[in-house]
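I would like to see how this sequence folds:
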Amino acid sequence: MVVFCFLVDQRRMVRSSKPAAGICSRCGGCASVADMETATRFCYVPLYRKTWRAIICTFCGALLKSYR
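Below is the predicted model:
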């Protein structure tokens, strides 16, 4: 019997953010420029970490533009 168990997850975290000019096209909330970090983990052990900048909505959390 073969059992496959996928224990891989990916988390996005906001490291810092600043207000930006503009509004969200989905909900009309304010936008902010955020330094993001993506961490890929396997069984709670971090395998890969990447930092990038994005414009996100402060109200609904939608990713409006990413600069990778």
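
so is the nearest residue to Cys60 once chain neighbours are set aside in a helix, a strand, or just coil?
Leaving aside its chain neighbours, Cys60 sits nearest to Cys27 (4.5 Å; criterion: Cβ to Cβ, 6 or more residues apart in numbering). Where C-beta positions appear, they are placed from N, C-alpha and C, glycine not excepted. The assignment at Cys27 comes out as coil when based on DSSP: H, G, I helix; E, B strand; the rest coil.

Give me the phi and psi for Cys27.
The phi/psi pair for Cys27 (degrees, to the nearest 10) reads phi -120, psi -10.

neighbours around it, how many?
12 (other Cβ atoms under 10 Å).

For the top strand by length along the chain, name the packing helices and strands.
Secondary structure of the chain per DSSP state E: the longest strand is strand 8-23. Packing partners of strand 8-23 (3 or more Cβ pairs under 8 Å, 6 or more residues apart in numbering; DSSP states H and E): strand 30-42, strand 45-57.

at 7 Å instead, please
In this structure, strand 8-23 packs against strand 30-42, with contacts taken as 3 or more Cβ pairs under 7 Å, 6 or more residues apart in numbering; DSSP states H and E.

Now do the same contact list for the residue nearest to Cys60.
Listed by Cβ atoms under 7 Å, 6 or more residues apart in numbering, the contact set of Cys27 reads 57, 59-60.

Make a markdown table from those and add distance to Ala21, pLDDT and neighbour count to it.
As requested, the contacts of Cys27 are exported to a markdown table (distance: Cβ to Cβ, whole Å; pLDDT from 0 to 100; neighbours: other Cβ atoms under 10 Å):
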| residue | distance to Ala21 | pLDDT | neighbour count |
| --- | --- | --- | --- |
| Cys57 | 13 | 94 | 20 |
| Phe59 | 16 | 94 | 14 |
| Cys60 | 18 | 93 | 11 |
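
Who are the contact partners of the residue positioned nearest the centre of the chain?
For the chain, the residue nearest the mean C-alpha position is Arg12 (3.6 Å; Cα atoms, centre = their mean). Arg12 makes contacts with 36, 38, as judged by Cβ under 7 Å, 6+ apart.

Sweet, I'm off.
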